[in-house]
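Visitor: need a structure here:
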Amino acid sequence: MREPVCRTGAVAGAAALALLVPFVLTGCNRGADARGRIGIDVPRTDTDFWDSYQQYLQADLAHGRPSALPLANSQNDVSKVVSDVEALTGQGARAIVMAPQDTGALTAELRRLAGKKIPVVSVDTRPDDGPVYMVVRADNRAYGERSCAFLGQRLGGRGRVAELQGDLSSVNGRDRSEAFAACMKRRFPGITVHELTTDWKGEVASAKLQSLLAQHHDLGGVYLQAGGAFLQPVLALLRQRGLVKPAGPPGHLTLVSNDGIPDELTAIRAGTLDATLSQPADLYAKYALYYARAALAGRTFRPGPTDHGSTVVKIKNGLEDQLPATLVTKENVNDPRLWANQLAKEGK
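Guide: Numbering: from 1, shown residues only. Purely as a prediction, here's the structure:
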């Protein structure tokens, strides 16, 4: 598979040909040195996933990747995202990498940046409105659908499950929730779904699950939309209630999560977690910087397959590179290609 087509000023005259014969990546790189520095806002470091993402960013930058200003951390506060970005552009950033957790609150800031011709790469989340150069994100609807399929098949299409939803002001929380609900309704109508909103907060997830367990002793499964935030509080609650049992015998509560952090892989090996969908923290960092550098070099892209196993799709306010996410179970939990196993090998 090929990189999505890109053009620089040097090849703009070949635009018509590009519609028929995509340029390979090396053809787009000639003379395309990045101009300016990149400003990066990390959304939070209070979960293992985002902490790992920051580690990958720092490692890539340390290896001579695009020049960047010191990282900002908006601490899951949308108003701080705006102030951080304004500070970064004030310090000379000519491209911005951000991961807004409230995807409906950045429209005015994105339009301000577009007016200054400062391209934006959005990681993990897709802003609801306002222009973006590229979104680097896994297919979050696929997370919901594949988690539904896993739980539904394990429960034999019958029973009761809890869904620990993320923040529904985030496109990720909405995509996972909507896809999970649609899949359950279509494929497993014999399963009752209890939707528990959590705002991505582990203590909220634990408290709401505890109340649900008190009402429904026949709960058969739980979908954790964010393993990094929910796994440890949920396992602590289930241990307290004597509900952590090995898969197979009666009484096992089937758990599937999303993130793919080292703790989740450890839990899968131990039999306390059945599966997770691995969000590629390493690829989020790698391609966020790749597209930021491409933006500084004046390149443009179009929809199509890439040579890194993803697909670039058109969205209403730009383009989105939908990176693949692997379903991890006991069968493949030791795969060295999983980013969490690479972190463990490196002792991070």
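
Visitor: so where do the helices sit in this protein?
Guide: 15-18, 25-29, 48-62, 78-90, 107-115, 140-154, 171-187, 202-215, 227-240, 262-270, 281-296, 339-346 (DSSP state H).

Visitor: quick one, which of those helices is packed in tightest?
Guide: helix 281-296 (a mean of 24; mean count of other CB atoms under 10 Å). Every residue, glycine included, has its C-beta placed from N, CA and C.

Visitor: dump the helices of the chain to CSV, plus distance to Gly39 and mean pLDDT.
Guide: Formatted as CSV, the helices of the chain follow (distance: least, CB to CB, whole Å; pLDDT from 0 to 100):
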stretch, distance to Gly39, mean pLDDT
helix 15-18, 30, 28
helix 25-29, 23, 35
helix 48-62, 12, 90
helix 78-90, 3, 95
helix 107-115, 10, 96
helix 140-154, 25, 96
helix 171-187, 22, 96
helix 202-215, 30, 97
helix 227-240, 25, 96
helix 262-270, 29, 95
helix 281-296, 9, 95
helix 339-346, 25, 77
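
Visitor: of the ones you listed, which approaches Pro100 most closely?
Guide: helix 78-90 (5.5 Å; CB to CB).

Visitor: same for the closest one, what does it pack against?
Guide: strand 37-42, strand 72-73, strand 93-98, helix 107-115 (3 or more CB pairs under 8 Å, 6 or more residues apart in numbering; DSSP states H and E).

Visitor: ok, back up a step: could you save the helices of the chain as JSON lines and add columns showing distance to Val312?
Guide: Listed next are the helices of the chain as JSON lines, based on distance: least, CB to CB, whole Å:
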{"stretch": "helix 15-18", "distance to Val312": "14"}
{"stretch": "helix 25-29", "distance to Val312": "13"}
{"stretch": "helix 48-62", "distance to Val312": "21"}
{"stretch": "helix 78-90", "distance to Val312": "24"}
{"stretch": "helix 107-115", "distance to Val312": "19"}
{"stretch": "helix 140-154", "distance to Val312": "16"}
{"stretch": "helix 171-187", "distance to Val312": "17"}
{"stretch": "helix 202-215", "distance to Val312": "33"}
{"stretch": "helix 227-240", "distance to Val312": "27"}
{"stretch": "helix 262-270", "distance to Val312": "28"}
{"stretch": "helix 281-296", "distance to Val312": "10"}
{"stretch": "helix 339-346", "distance to Val312": "21"}
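
Visitor: which parts of the protein belong to which domain?
Guide: 6-137+280-323, 140-279 (automatic domain parsing).

Visitor: still on that earlier bit, tell me which of the helices of the chain lies nearest to Asp307.
Guide: helix 25-29 (7.4 Å).

Visitor: ok, what's across the strand from Glu195?
Guide: Glu163 (DSSP bridges).

Visitor: so who does Tyr287 touch?
Guide: 136, 308, 321, 323 (CB atoms under 8 Å, 6 or more residues apart in numbering).

Visitor: which residues touch the first one?
Guide: Put plainly, it is Val136. 121-124, 283-284, 287-288, 291, 320-321, 323.

Visitor: same thing with the last one?
Guide: Residues in contact with Leu323, defined by CB under 8 Å, 6+ apart, are 136-138, 280, 283-284, 287, 308-310.

Visitor: nearest to Leu113 among those?
Guide: Val136 (16.8 Å).

Visitor: and that closest one, what pLDDT?
Guide: In this model, Val136 is scored at 97, pLDDT.

Visitor: so what's it bridging to?
Guide: Here Val136, judged by DSSP bridges, has bridge partners Val123, Asp321.
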